[in-house]
Every structure is written in C-alpha cells, then in structure tokens.
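Novice: Fold the following and give me the result.
(one chain, ligands or ions: 1)
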Amino acid sequence: MSDTVLLIEDNEHNRYLASFLLSQYGYEVHTAPDGPRGIQLAVELCPDVILLDIQLPTMDGYAVARALRQSEKLAGVPIIAVTSYAMVGDREKCLEAGCDGYIEKPIDPATFVTEIERFRPVPPPSETEP
Ligand code: MN
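Specialist: Reported below is the predicted structural model:
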C-alpha cells in the first residue's frame, strides 16, 4: 500500500505541481483547498504526512496546525509547512504551531519530495537486516 499525503493548499498551481511530484514518487495524494476541509480530511484519512500551506483563506496554516495537533488520532503524523513566508521567525512560528518541518516556496521540483522525506520518522529496521 502506498503512503498517503494530504496537501492543504489554496493555490491550484501549487496543488497541481506538488501532487504531480509526489505521485511520481509513488505517493497517494489527497488535497484540500482550505483549512476546515483539510482538517476534516486529515481526521478521515489519517495520512502518513500532512503538507500545509501557511497562507490560506479564512484560517491560516498556523491555526490549522494547532487544530490538527488537538487530534489524538493524528499525534504521530508529521506536519510540514510549505510556505513562501521568508521572514525571520516564521520557521519558529511554524514549529510552535505544531509543525515538524518547513519547506520554502517556490517548490523546487528537484528536491521537493526528498525534503519532505527528511522530516518523516525513520522507519523501524527491517527484521531481515543483519
Ligand atoms: Mn496559499
């Protein structure tokens, strides 16, 4: 079964690009265009990774991250902020809100997926390994 990514992003172009790149690496990608729908989908799907835009309509990414962190079901799911905010302190704001990592926009197709994988928990060693 392939790993599932939930992408919460209001920009259609970024949704398309990120979905395309992730699906090339074998991920099953689900998308939501805003925070409330993203939170609902997160609880339904319990994805392996959540990618979260910070600049979202109605409810910003910080509020979404805090809401996601209220859910016990999603406790082990990494939340990675994907944002063009490049101000000093934004990384800290993302981490304070409950994100595990931070990727800067614009999305770099050459490194996007490997950057995401850096923030995922290390898989347990396989039993067949010495
Ligand atoms: Mn946005």
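Novice: How much space separates the residue nearest to Gly35 when sequence neighbours are not counted from the ion?
Specialist: Spatial nearest neighbour of Gly35, excluding adjacent residues (C-beta to C-beta, 6 or more residues apart in numbering): Met59 at 3.5 Å. (Each C-beta comes from the backbone N, C-alpha and C, glycine too.) Going from Met59 to the ion by C-beta to the ion, to the nearest Å gives 12 Å.
Novice: For this structure, which segments count as helices?
Specialist: Along the chain, counting by DSSP state H, helices occupy 12-24, 35-45, 61-68, 90-96, 112-118.
Novice: Any idea which of those helices gets closest to Lys105?
Specialist: helix 12-24 (7.2 Å; C-beta to C-beta).
Novice: mind listing what's buried in the closest one?
Specialist: Within helix 12-24, the residues scored as buried using 16 or more other C-beta atoms under 10 Å are 14-15, 17-19, 21-22.
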